[in-house]
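J.: here are the coordinates; sequence isn't available:
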């Protein structure tokens, strides 16, 4: 069964925008999902769009960001509360 666990919520520079970073596991489509969300007082937080990253794309992203490769984990990664500023466009 596929599962999705939220690892972090990254706030935007607008109060009604954020990005959820989710770990997807238990399926052939394992990896990370970046979920762009907006807030509405009528419905709360809702998904605008998402981007799925495969394990290969995650490794490439880590390389671009300058992090060294780490051994593959056999246990579930710890949940983190990273906060990165995002810029709203529009």
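T.: Looks like it arrived, so ask away. Just so we're clear, the structure is a prediction, and the values are computed from it rather than from any experiment. Numbers count the residues shown, from 1 in each chain.

J.: the residue nearest to the spatial centre of the chain is in what secondary structure piece?
T.: What sits nearest the mean C-alpha location of the chain, by CA atoms, centre = their mean, is residue 21, with 1.8 Å. Residue 21 is part of strand 17-25 when elements are defined by DSSP states H and E.

J.: that strand pairs with which strands?
T.: strand 3-11 (antiparallel), strand 31-40 (antiparallel) (DSSP bridges).

J.: so where's the protein uncertain?
T.: Residues of the chain meeting the criterion pLDDT under 70: 27, 67-90.

J.: can you name the farthest residue from the center of it?
T.: residue 42 (24.7 Å).

J.: which of the three states applies to that residue?
T.: coil (DSSP: H, G, I helix; E, B strand; the rest coil).

J.: can you tell me how far it is from residue 24?
T.: For residue 42, the distance to residue 24 equals 29 Å [CB to CB, to the nearest Å]. Placement of C-beta: from N, CA and C, glycine included.

J.: repeat that for residue 7.
T.: On the measure of CB to CB, residue 7 and residue 24 end up 11 Å apart.

J.: list residues touching both of those two?
T.: Common neighbours of residue 7 and residue 24 are listed as residue 32 (criterion: CB atoms under 8 Å, 6 or more residues apart in numbering).

J.: please point out which parts of stretch 45-59 sit buried.
T.: residue 53 (16 or more other CB atoms under 10 Å).

J.: ends of that stretch, what's the gap?
T.: This stretch, stretch 45-59, spans 30 Å end to end (CA to CA, to the nearest Å).

J.: ok, and what's touching it?
T.: 18, 24, 29-40, 61, 69.
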